[in-house]
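Colleague: Sharing a model prediction with you, sequence too.
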Amino acid sequence: MKKNLAILLVLVLLLSTLVGCGGGSGNGGDSETADPFKVGAIYPLSGANALLGSQCLAAVKIAIDIVNANGGVQGRQVQLVEADAPDPTAATTEAGRLVDQQGVQVIFGSLASGNALAIAGVTEKSGVTLVESGGIADALTDSGFKNVFRILDKGGLRGAAGVSYTAEYVAPMLNIAPKDLKVAIIHEESSYGTSVADGAEKKIKELGLNLVAREHYNSTITDMSALVLKLKEAKPDVLFTVNYINDAILLVDTLKQYDAMPKVLMGCGAGTTDPNFAGTIGADSDGIFCTDMPTNLPLDVFADEAMKNVVSEFRERFRKEFPDMNNVSVAAEAAFAGSYTFLNNILPNAKTLDAEGIREAALTTKLDMTTLGFGWDLGDDGQNYAASANINQWQGGKVVTVYPDKLKNGEVINVPLPIAGQ
Amino acid sequence: MIKQLILKQNFVLWIIAVCSVIVPFVLPNRYFQDITIMTFLWAGLATSWNLYSGYCKRLSIGHAAYLGIGAYTSTLLYLNFGISPWIGMLAGGVISAIAALIIGGTTLRLKGTFFVLSTIAFAEILKVMTITSKEITAGALGLMIPYQPGFTNMIWQGKIPYALLTWIYMIIVLFISVRLEKSKLGYSLVALGENQEAAENLGVNSTRTMLVAFVMSAVLTSFGGTLFAQYVMFIEPTSVMSMGNSINFILLAIAGGMGTAFGPMIGSFILTPVSNLLRGYLVGISGLHGLILGLVLIAVLLYRPDGILPQLKLLFRYLFGKIAKPGKGE
Amino acid sequence: MEQVLQVLISGILSGGIYALASVGLALIFGVVGLVNFAHGEYLMLAMYIAYWIYNFSGLDPYQSLIINLAVMAVIGYITFKVIMERVLDSDHSIQMLLTLALSMVLQNLALMFWKADYRNIRIDMTNDTMNLGFLTFNTPRVLAFLIAIGASVLLYLYLQKTFTGAAMRAISQNGKAAQLMGINIKRTYGLAFVIGTTLVGLAGLLISPIYPAYPTVGASFSTLAFIVVVLGGLSSVPGAIFGGLVIGVVESLAGYFAGPAYQQAAYFLLFILVLVFKPNGLFGRS
């Protein structure tokens, strides 16, 4: 009996310490200067998306460090509160914690669209700003939110960009008229893959290409044999895929094994753009397209000397933290761009650092260029309409941008792919 | 006399359950209120799960399926036809009942392990079906409920109405559970859980008993699913019908005390806040939060497999005894 | 038609792995009576072990096989002694939940120490193919299949031909009687558990040249193993072998004819159908 009492007492003490600590200075410790500007970052740090989530968080931290080294925001040092949201329900609670308990004014997120939508539900009601650099669901800027600002492109735009480029540039290289071009879509089944694939399909129908197959799979799939064999039957000329890194590698491996590689492989996002893609696949990656937000742009793309330095510093620090990666992942680049641009370019212009002041600054500030390679020009809905996807290609283990012209730094190679099947 | 009343079964527990409604009102901010709402909701959900699985000890590890049916039914009806979630909730209950009847009818008579695995299978199939029926359910993209506060919409601006709603849900399910415990159905269930053959020999109609309890459990879980959807305002197949959620039902019930009316509630009262606070506090180290929960569960299972509730009861009696009889040498 | 044959073969190859991943579970369930929800996590651990050995010494998974299995056996033994032994007499639900909690702990330990990164082992053989007429096989998969089936058959022979094997079968048929016959129950339980977890570890090792290791990789294999084992008749090793092959084929055919999205749902559906019509599995005793 005494033992039970003791155990209970310990538990109660533990609990109250947690609550006490949670309500106190929070994680981040005390700040030295007066009145820090509190911001939050909510990313999946456990669960399926933990890998990319932790990279995004690291990117945001680097952005904050750089901004603080330059004097902070309107003279105040930026203080970060981080949160782990493996799913939308956790995102809701964590957003609540950051807003209600920690008093953040701006939240950077979210990698997963589901999380973004859940967080927006909380921030809108509380007059807190959400700066989105990962979730591409259309609904995020189509729902009338006043305090959600997205730097990267909307859902289907990425898929559509890949399709448009294919019809306009790739088809002629193959000597096939668009209306005779046979295309297929394979995508992983989460909201990410589905949004991009939907956008691609819409564009395909619009341009009159022939969609011969569309399949989706769960990203934990271990054997793509059936999928690839089915695809082989349909004999597409061009294959659009949306994957994460793991399944992207598996797909390419399986396509090679069954001699089913189409003439053109147009990857859209995450998996095919991942720095480890070419590293793992090797020389066969040459010629594989990857459409995504601009990534690893050569420094001379940035006319502004200061921006060049910032990008270079970011990449250096990121690589120090993730030494196994050849380059920075797109997700991390976007996370950096979103947080850095907002802290460095938008917030200084805000007359008041509250929701209204920030919104005004966000909408009225126009930028020609951000670290992502395109500008900042928000519509009333909070969507950055200057965002545009790059068409890239793997060449010699490097991501080379082949479109749009203003960012181009190489010519298209390997159309059709040398490893294409019969 | 009063001493008798206090020591009477469940009296104190009812006091705790009823008085817990005060908590959201006295908490300092909305973050804690949010945790309270999830605590009440999961208390109700875990108690619903317990109605079948707890009493007759046949674990359903796929209860997230009914959470999903409830959430999706009411949300789809609301988004497509403007039907109030209050009605949608009942509709979800009907569909869950039908699903439970079909599933239960086929799998309840299976031996323990087979039944458990079939519950997992059903939840997975449902999840896949939800993802692939994109035209109806928006598949992996999920459904977002637009923010239009109003009683008929079951959407409110503040947290207090949600807290009251989930608290009422918890109380209702508790009430049903307590009544069940004392009813013939309840005794039959427990008997089946102890020794199925013996119970059947004594005249318990195992199929009917289990089916009734199973359907009740599914329907009540489904109601909770609607509340869940209306609170989080965004649902998607992978996070609603997840294995994680299915496990949570069991975790809370076991930690508190499976097979008792108030066990799951106690489990939720302790674990839901701790889990949420832990995640916020330990955010720096991936995996630590889950690790601690797992270790806690192992500790409970190894050392106090009956859950915390019996220990709390003993503790309470001990303390009460000390207070009611001040000074040993009377 | 050729395509279908190819799909079928590919399914059989996968089925071999599934079989190996499941026979251990069947053994543990048959002998110890324990449903091990952490089963897949041993697969995950073996994959990480293979990865780290490869990283530090350059030995590929096939070369490091003995070391890997030895480590897995030790881990299995520790798990048994520290956790399982205590609940051998407890309620089945307690046992199940304990293994569920164990799986949470193992997954999160992996996440904490090794992060969420995907760990790939790419060896020269990874993308090699063998051809037989118009059929193509991925070499590591063929190797995996052969070793997997070989190990499963070895297990079967062990159970049939050795004394300890007979002891295990005896316990699985009637624990009390076996005890009365003088069989040391605890030790046999321990042995069965260790063999079971080592076998699923072997399965992990065999797929490591073609599939990456990450903390939650074991989860889907756990569920799969349960399905296979139930299909085969819970405690029957030959049943698990057959069940594994069946699942592999069903998965592959479903993926080809219906689409990869339905792969999992197909064998779940098969599972429920079998339960409805043959509640003790295809090979089970009542």
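Modeller: Everything's here; your move. Keep in mind that what you see is a predicted model, and the values were worked out from it rather than measured.
Colleague: going forward, measure contacts between C-alpha atoms and count neighbours the same way
Modeller: Noted.
Colleague: pLDDT at residue 177, what is it?
Modeller: In the absence of a named chain, chain A is used. Per-residue pLDDT puts A:Ala177 at 91.
Colleague: oops, I was thinking of chain B
Modeller: Note for B:Ser177: predicted pLDDT of 94.
Colleague: do the one 10 residues further on as well
Modeller: Each residue has a pLDDT score; the one for B:Tyr187 is 89.
Colleague: which residues in the stretch 151-286 of chain C form helices?
Modeller: Ranges of helices in the stretch 151-286 of chain C, per DSSP state H, counting those that start in this stretch, are C:163-173, C:175-180, C:185-207, C:217-232, C:237-257, C:263-277.
Colleague: Let's test this: mean pLDDT of the second one, rounded?
Modeller: So that's helix C:175-180. For helix C:175-180, mean pLDDT rounds to 78.
Colleague: Return the set of buried residues in it.
Modeller: By neighbour count with 16 or more other C-alpha atoms under 10 Å in any protein chain shown, helix C:175-180 contains the buried residues C:175, C:178.
Colleague: same thing with the third one?
Modeller: Neighbour counts using 16+ other C-alpha under 10 Å place C:185, C:188-207 of helix C:185-207 among the buried residues.
Colleague: what residues does chain B put near chain C?
Modeller: Neighbours of chain C within chain B, by C-alpha under 8 Å from any C-alpha of the partner chain: B:57-59, B:106-107, B:110, B:113-114, B:117-118, B:121-122, B:124-125, B:128, B:132, B:285-288, B:290-292, B:294-295, B:297-298, B:301-302, B:305.
Colleague: Pick out the shakiest of the helices of the stretch 151-286 of chain C, pLDDT-wise.
Modeller: Lowest mean pLDDT within the helices of the stretch 151-286 of chain C: helix C:175-180, a mean of 78.
Colleague: Check which helices and strands that one sits against.
Modeller: On a contact count with 3 or more C-alpha pairs under 8 Å, 6 or more residues apart in numbering or on different chains; DSSP states H and E, helix C:175-180 meets helix C:163-173.
Colleague: Can you point out the buried residues in the helix it packs on?
Modeller: Within helix C:163-173, the residues scored as buried using 16+ other C-alpha under 10 Å are C:164-165, C:167-172.
Colleague: Turn these into TSV, columns for distance to C:Gln263.
Modeller: As requested, those are exported to TSV (distance: C-alpha to C-alpha, whole Å):
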residue	distance to C:Gln263
C:Thr164	39
C:Gly165	36
C:Ala167	38
C:Met168	35
C:Arg169	34
C:Ala170	37
C:Ile171	36
C:Ser172	33
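Colleague: what's the closest of these to chain B?
Modeller: When those are ranked by distance to chain B (C-alpha to the nearest C-alpha), C:Ser172 comes first, at 15.3 Å.
Colleague: In this structure that closest one contacts C:Ala26, no?
Modeller: No - when contacts are counted by C-alpha atoms under 8 Å, C:Ser172 is not listed as touching C:Ala26 (10.5 Å).
Colleague: need the contact list for residue 294.
Modeller: Using chain A here. Applying C-alpha atoms under 8 Å, 6 or more residues apart in numbering or on different chains, we find A:Pro294 in contact with A:330, A:372-373, A:389-390.
Colleague: Wait, chain B was what I had in mind.
Modeller: Neighbouring residues of B:Gly294 by C-alpha under 8 Å, 6+ apart: C:101-102, C:104-105.
Colleague: Put the buried members of those into a PyMOL selection.
Modeller: Selection of the buried residues among those in PyMOL, burial being defined by 16+ other C-alpha under 10 Å:
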select buried, chain C and resi 101+102+104+105
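Colleague: Residue 210: neighbour count?
Modeller: All of this is about chain A. When neighbours are counted by other C-alpha atoms under 10 Å in any protein chain shown, A:Asn210 registers 17.
Colleague: Correction: the question concerned chain B.
Modeller: That count, for B:Met210 with other C-alpha under 10 Å as the rule, works out to 23.
Colleague: I'd guessed it sits against B:Tyr52; true?
Modeller: Yes - in terms of C-alpha under 8 Å, B:Met210 counts as a neighbour of B:Tyr52; the distance is 7.2 Å.
Colleague: So is stretch A:47-59 next to chain C?
Modeller: Yes - judged by C-alpha under 8 Å from any C-alpha, stretch A:47-59 comes into contact with chain C at A:48, A:50-51.
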